[in-house]
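*Asks:* here are the coordinates; sequence isn't available:
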DNA sequence: ATGAAAGCGCTAACAA
DNA sequence: TTGTTAGCGCTTTCAT
């Protein structure tokens, strides 16, 4: 306990509902009615007495008891695969806000891209009887058995393939990638490579499909594909290789901002100018893309909307659905759009929308 | 519940401890003993029977019931002021890991630098009967009354002034700032400015004190002080002003990496070269400092250690203490240390440690 | 409009 | 070594 900030002598045992009832001269049921605003009505006079007693005692309902009785903890869980990636961090924060709006607290667990940790966390969340979990899984095809067994609802967050029977919220990876490539082609590029993030599960990432579609649509030949884990340092590593290679493409689509951040750094060190020597468009729309040098043209994910949709899917009462949101192309300097590269204003003016 | 991923027909009511007891042919107490490993011993044979029953039923203890009985939720709360700042995000993650090591889940709440939100979250955490909270307050002198009233332990995380009676964990802001300035002075700079982040509460930030100390120690005259909120865009804004000013200092100490990231961007746009025209040292040691261009020399906070110490302070049994950790100077290119600016290896070799 | 009381699932003191 | 049982604080049905 060493951390108590006050003089222990003052420690009064936490007031319970019974104490309030006694002080207010009513039954415990009545206290419940006023605290919860129902299910029965109470007369204004008694209500006032109860409120006074609550205030006098500093009474605070015990969430555990409530959860036990109700069978609902009014908590939601979220499993985040990578706190090193600002995209997930922003997403988690947005979810926390959206959940709070509906009275739910959020228990966040980081799986750090480990399947074992993911399972362990599912276990812990199930035990805590969360009312549902947002799973941003490492796996392409996440293992939902534990969740099923525990009879807890899931929404797959950041999942972009339609999976009948599951609720999911994601972004249109394929369409976004395609827009990226077409944008680059619009700048006159004919040799457009792909820097693709690799994830744990198998399965092909839709960004790769979209990239290829964009290439085909522009009547081009696919440029080189480079693969690396979704981390800045791996983007850096492959950037160094790309910079040194003799048949370097003139443009690159990077499947994530953090990969692009690594590329930027590698190209700077190698004296490869952007966008003159190589143009880049990336994916996510994180703050790092905005403040990098040059600013990264990126497909911004509508994080708040996705978070809201996910919460709705989890605790709302619509049917299970697969919601796919379109990303927005935010033009900055890395693709060649802006020569002077002024900072993108926060309130993005008239962005290009997909779909 | 539209989000259920399985065929509802299969939904079996969650097994309780009583079901396990029945199936194993023992009493509920015995089940408790094996689940909790005590307080009584059970024979290996019965233990096996119980474990089988648990597995067969997919039994999972109900944390709410346990919390109600024990008066402890085995959850800790953390109030984070700004999820836009990677430092806090990393810190929260480290705390989550450290807490998990001791069997605690972490309920994270973002106050977004709002005092109202901070209070609301304290309220909610208190109601959920968390066993303690980590408070990274917006306020210089946080308001602990609610926490006291709720009789819940607190450790002030990211709090660097000694406050008798409170447990706190922080970094040596003053010493770090001083090292930064001395390092810059060592590079020959005589005009060293300060870009200071402003926070909600009053009170002087120790980094400002340290900066001044460093200046004095080097026998210099204080350079200009510029103040801005702790955000990338504000760093950018003041960077633009600094770039345009006629009596710009030759070096800058920025009180946070994110401020420095904004400065970097502004200087690039303005054609101010770093470190040639202006050298920069910042504070925190976030990944953004590592991947920026040029790489930022920064005072890295020992986040994992701080997190561990905070958890220890909250749930360990030592006396309340004020732990101050020394930051480490990580040399990169922004101060003028590295001409070629290769990426700092992850395993920082022989860094300079503060006393 | 208010009250009495059962019971949510679990722990641990006490009994056997 | 194992079993019985009294609550933890709350919600809500069923009386009054």
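*Replies:* Received the coordinates, thanks. Just so it is clear, the structure is predicted and the values come from calculations on it, not from any experiment. Residues are numbered from 1 along each chain as shown, chains lettered A, B, ... in the order given.

*Asks:* what about the closest residue to DNA strand C within the stretch 151-300 of chain A, neighbour count?
*Replies:* Here the stretch 151-300 of chain A gets closest to DNA strand C at one residue, residue A:151, 12.0 Å apart by Cβ to the nearest atom of the strand. (C-beta placed from N, C-alpha, C; glycine too.) Other residues lying near residue A:151 total 17 when counted by other Cβ atoms under 10 Å in any protein chain shown.

*Asks:* now do the helices in the stretch 251-355 of chain A.
*Replies:* Remark: helices assigned in the stretch 251-355 of chain A by DSSP state H, counting those that start in this stretch are A:257-270, A:287-291, A:303-315.

*Asks:* most neighbours per residue, which of those?
*Replies:* When neighbours are counted by mean count of other Cβ atoms under 10 Å in any protein chain shown, the highest per-stretch mean among the helices of the stretch 251-355 of chain A falls to helix A:257-270, a mean of 26.

*Asks:* let me know whether it sits next to chain B.
*Replies:* Yes - applying Cβ under 8 Å from any Cβ of the partner chain, one finds that helix A:257-270 is in contact with chain B at A:261-262, A:264-265, A:268-269.

*Asks:* gap between the residue lying closest to residue A:285 once chain neighbours are set aside and DNA strand D?
*Replies:* On the basis of Cβ to Cβ, 6 or more residues apart in numbering or on different chains, the spatially nearest residue to residue A:285 that is not a chain neighbour turns out to be residue A:300, at 2.6 Å. Applying Cβ to the nearest atom of the strand, to the nearest Å, the value for residue A:300 to DNA strand D is 41 Å.

*Asks:* beta-bridge partners for residue A:300, please?
*Replies:* According to DSSP bridges, the residues that bridge with residue A:300 are residue A:284, residue A:328.

*Asks:* could you tell me how many residues sit around it?
*Replies:* In terms of burial, residue A:300 registers 20 neighbours under the definition other Cβ under 10 Å.

*Asks:* can you list the residues of chain A near DNA strand C?
*Replies:* With Cβ under 7 Å from any atom of the strand as the criterion, chain A meets DNA strand C at residues A:25-30, A:33, A:40-43, A:45-46, A:65, A:68-69, A:71.

*Asks:* among those, which lie within helices?
*Replies:* Secondary-structure check on the residues of chain A next to DNA strand C using DSSP state H: residues within helices are A:28-30, A:33, A:45-46, A:65, A:68-69.

*Asks:* which of those count as buried?
*Replies:* Among those, those classed as buried by 16 or more other Cβ atoms under 10 Å in any protein chain shown are A:30, A:33, A:46, A:65, A:68.

*Asks:* which single one of the residues you listed is nearest to DNA strand D?
*Replies:* The shortest approach to DNA strand D among these belongs to residue A:65, at 3.3 Å (Cβ to the nearest atom of the strand).

*Asks:* how close does the residue nearest to residue A:304 when sequence neighbours are not counted get to DNA strand D?
*Replies:* Using Cβ to Cβ, 6+ apart and skipping the chain neighbours, the partner closest in space to residue A:304 is residue A:94 (5.1 Å). Computed as Cβ to the nearest atom of the strand, the residue A:94 to DNA strand D distance reads 29 Å.

*Asks:* ok, stretch A:48-57 near chain B or not?
*Replies:* No - contact between stretch A:48-57 and chain B is absent, the nearest approach being 10.5 Å (criterion: Cβ under 8 Å from any Cβ).

*Asks:* list the buried residues of that stretch.
*Replies:* Of the residues in stretch A:48-57, those buried under the neighbour-count criterion (16+ other Cβ under 10 Å) are A:49-50, A:53-54, A:57.

*Asks:* tabulate those (CSV), appending secondary structure.
*Replies:* What follows is those, written out as CSV (DSSP: H, G, I helix; E, B strand; the rest coil):
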residue, secondary structure
A:49, helix
A:50, helix
A:53, helix
A:54, helix
A:57, helix
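
*Asks:* just give me the closest of those residues to residue A:145.
*Replies:* Using Cβ to Cβ, residue A:54 is the member of the buried residues of stretch A:48-57 that sits closest to residue A:145, with 44.3 Å.

*Asks:* separation between that closest one and residue A:16?
*Replies:* Between residue A:54 and residue A:16 the distance is 11 Å, computed by Cβ to Cβ, to the nearest Å.

*Asks:* for residue A:263, same thing?
*Replies:* From residue A:263 over to residue A:16 the distance is 59 Å, taken as Cβ to Cβ.

*Asks:* wait, what's in contact with the residue in the stretch 201-350 of chain A that DNA strand C sits nearest to?
*Replies:* Taking Cβ to the nearest atom of the strand, DNA strand C has its nearest neighbour within the stretch 201-350 of chain A at residue A:315, 21.0 Å off. Under the criterion of Cβ atoms under 8 Å, 6 or more residues apart in numbering or on different chains, the contact list for residue A:315 reads A:76, A:102, A:104, A:131-132.

*Asks:* may I ask which of the residues you listed has the most neighbours?
*Replies:* For the contacts of residue A:315, neighbours were counted using other Cβ under 10 Å, and residue A:76 has the most, 28 neighbours in all.

*Asks:* just checking: what are the partner strands of the helix or strand containing it?
*Replies:* Counting by DSSP states H and E, the secondary-structure element that holds residue A:76 is strand A:75-80. Here the strand partners of strand A:75-80, with direction, are listed using DSSP bridges: strand A:105-110 (parallel), strand A:133-135 (parallel).

*Asks:* for those strands, which one ends up most surrounded?
*Replies:* Ranked by mean neighbour count under mean count of other Cβ under 10 Å, the strands paired with strand A:75-80 are led by strand A:133-135, which reaches a mean of 28.

*Asks:* got the buried residues for the helix or strand following it?
*Replies:* Counting by DSSP H and E, the element after strand A:133-135 in chain order, helix or strand, is helix A:145-149. Buried residues in helix A:145-149, counted by 16+ other Cβ under 10 Å: A:146-149.

*Asks:* any low-confidence regions in chain A?
*Replies:* In the predicted model of chain A, residues A:1-13, A:138, A:140, A:201-202, A:339-355 satisfy pLDDT under 70.
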